[in-house]
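1. Need the 3D shape of this:
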Amino acid sequence: MGRILVEKDVEAAVKGGSVYAAGGGGWADHGRMLGYAAVSIGKPELVSIDELDENDWVATAAAIGAPASTTPWEMRGVDYVRAVSLLQEALGEKITGLIIGQNGKSSTLNAWLPSAILGTKVVDAVGDIRAHPTGDMGSIGMAGSPEQMIQTAAGGNRDENRYIELVVRGATAKISPVLRAASDQSGGFIASARNPLRASYVKKNAALGGISMALDLGEAIIEAEKKNATAVIDAICKVTGGHILTSGVITKKDVVYTKEAFDIGTVTIGTGASARTLHVMNEYMAVDDADGARLATFPSVITTLSEEAEPLSVGQLREGMTVHVLHVPMDIIPLSASVLDPSVYPVCEKAMGIEIARYALSAKA
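-> Coordinates of the predicted model:
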């Protein structure tokens, strides 16, 4: 049966989501805002995909943009609700449940408020267990589909008259960039509801159990925090099945923000033969050893943890910091159709100048 999400679940979702954020941004405080608002005004319900009828409509709730503190973004909780309402109006039928495109500091909680207000279920499935740089990677196999989809967005900086609502129809690959442009015009961050699909399709193509995985991890972290940082790292490894790939001092950070709204570059940990290089495209996408041999590759979870065991985003890293790199191999996590889709990789390989697909697609489907 479904599980009503309550106040204690908010911090667990944020903390577990922060590990699966894999160095990506998002804001823990934005996640807390969404979660506490949802549990205080309603009863958001987490359900497994098996609790829905196979013909029920399930859409993806997402936040679009890569807002730095330099952009005038404003995102209100009601924007997530408005995006779902717009989608239901455009579809002409009720949306029964919402999945999310990826776990993250706030994205793990993207579906909670619409659930509390509109009654849409929070479906325990994700487009990707971990965070990723492109929407296609969380699109559960729709990236290359010619099928007409509906995508909506709402949000923006009200003081600067940047609030935007839009409903677009078309093939996913053609309309997703329209929402990214709207996000830019709105101030850099906008709430969206997109790609309504039948529950039967979601069951076959999403990464099932992704929300409860984040909640379980968060609960273990909160319990371990009563002891010390070592206990937290041990708990993260135990619950995820992962291990610490390397620990050391950041000797070089070479990451630049591109006009396509991506942070791209490398972070080097250690020196000489023991050096490790993290390849970044918003999130950590790969780790190489000093000889250039590959140690970890997306869609495996790759996360940097501080000495205090706090998951750090790429933007928080500084040369001279000591970090631990968590690696949860791809063969022990549920994988969605979109991370096993060869078409999602060329854009990342080109941007970073490294191979991803050859390693990613060797994963067990």
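2. quick one, domains of the protein?
-> The chain breaks down into these structural domains: 3-210, 229-360 (assignment by automatic domain parsing).
3. Might you list the low-confidence residue ranges for the stretch 1-150 of the chain?
-> 66-70 (pLDDT under 70).
4. Show me where it has its strands.
-> Applying DSSP state E, counting those that start in this stretch to the stretch 1-150 of the chain gives strands spanning 3-4, 45-47, 57-64, 97-100, 121-126, 148-155.
5. Switch these over to TSV; also include distance to I175.
-> C-betas here are computed from N, CA, C, even on glycine. Compiled in TSV, the strands of the stretch 1-150 of the chain are given as follows (distance: least, Cβ to Cβ, whole Å):
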stretch	distance to I175
strand 3-4	33
strand 45-47	28
strand 57-64	12
strand 97-100	18
strand 121-126	21
strand 148-155	5
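6. Out of those, the one nearest A286 is which?
-> Proximity to A286 (Cβ to Cβ) singles out strand 121-126 among the strands of the stretch 1-150 of the chain, at 21.1 Å.
7. Counting by contacts, list what the closest one packs against.
-> In terms of contacts (3 or more Cβ pairs under 8 Å, 6 or more residues apart in numbering; DSSP states H and E), strand 121-126 is packed against strand 45-47, strand 97-100, helix 112-118, helix 199-205, strand 207-208, helix 210-224.
8. Now for A62: which residues touch it?
-> 100-101, 107, 110, 135, 138, 191-194 (Cβ atoms under 8 Å, 6 or more residues apart in numbering).
9. Make a markdown table out of these and add neighbour count and distance to A309.
-> Compiled in a markdown table, the contacts of A62 are given as follows (neighbours: other Cβ atoms under 10 Å; distance: Cβ to Cβ, whole Å):
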| residue | neighbour count | distance to A309 |
| --- | --- | --- |
| I100 | 28 | 25 |
| G101 | 29 | 26 |
| S107 | 28 | 21 |
| N110 | 28 | 25 |
| G135 | 27 | 30 |
| G138 | 29 | 27 |
| A191 | 30 | 31 |
| S192 | 32 | 33 |
| A193 | 32 | 35 |
| R194 | 26 | 35 |
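10. Which pair in the residues you listed has the greatest spatial separation?
-> Between all members of those, the longest pairwise span (Cβ to Cβ) is found for G138 and A191 and amounts to 15.1 Å.
11. can I get the CA coordinates of stretch 170-185 in PDB?
-> Extracted C-alpha coordinates of stretch 170-185, given in PDB (Å, rounded to 0.1, in the frame of the first residue of the first chain):
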ATOM      1  CA  GLY A 170       5.800  18.000 -30.200                       C
ATOM      2  CA  ALA A 171       8.600  15.400 -30.200                       C
ATOM      3  CA  THR A 172      10.500  15.400 -26.900                       C
ATOM      4  CA  ALA A 173      13.900  16.300 -28.500                       C
ATOM      5  CA  LYS A 174      12.300  19.400 -30.200                       C
ATOM      6  CA  ILE A 175      10.200  20.800 -27.400                       C
ATOM      7  CA  SER A 176      12.600  20.200 -24.500                       C
ATOM      8  CA  PRO A 177      14.900  23.000 -25.700                       C
ATOM      9  CA  VAL A 178      11.900  25.300 -25.800                       C
ATOM     10  CA  LEU A 179      11.400  24.800 -22.000                       C
ATOM     11  CA  ARG A 180      15.100  25.400 -21.400                       C
ATOM     12  CA  ALA A 181      14.800  28.800 -23.300                       C
ATOM     13  CA  ALA A 182      11.700  29.600 -21.200                       C
ATOM     14  CA  SER A 183      13.700  28.800 -18.100                       C
ATOM     15  CA  ASP A 184      16.400  31.300 -19.200                       C
ATOM     16  CA  GLN A 185      13.800  34.000 -19.800                       C
END
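12. what ranges do the strands span in the stretch 251-365 of the chain?
-> Secondary structure of the stretch 251-365 of the chain (DSSP E, counting those that start in this stretch): strands located at 263-269, 276-281, 283-289, 294-297, 301-306, 311-312, 322-328.
13. For the first one, give the mean pLDDT please.
-> Pointing back at strand 263-269 there. On average, the pLDDT along strand 263-269 is 95.
14. which neighbours does it have in its sheet, and in what orientation?
-> strand 243-257 (antiparallel), strand 276-281 (antiparallel) (DSSP bridges).
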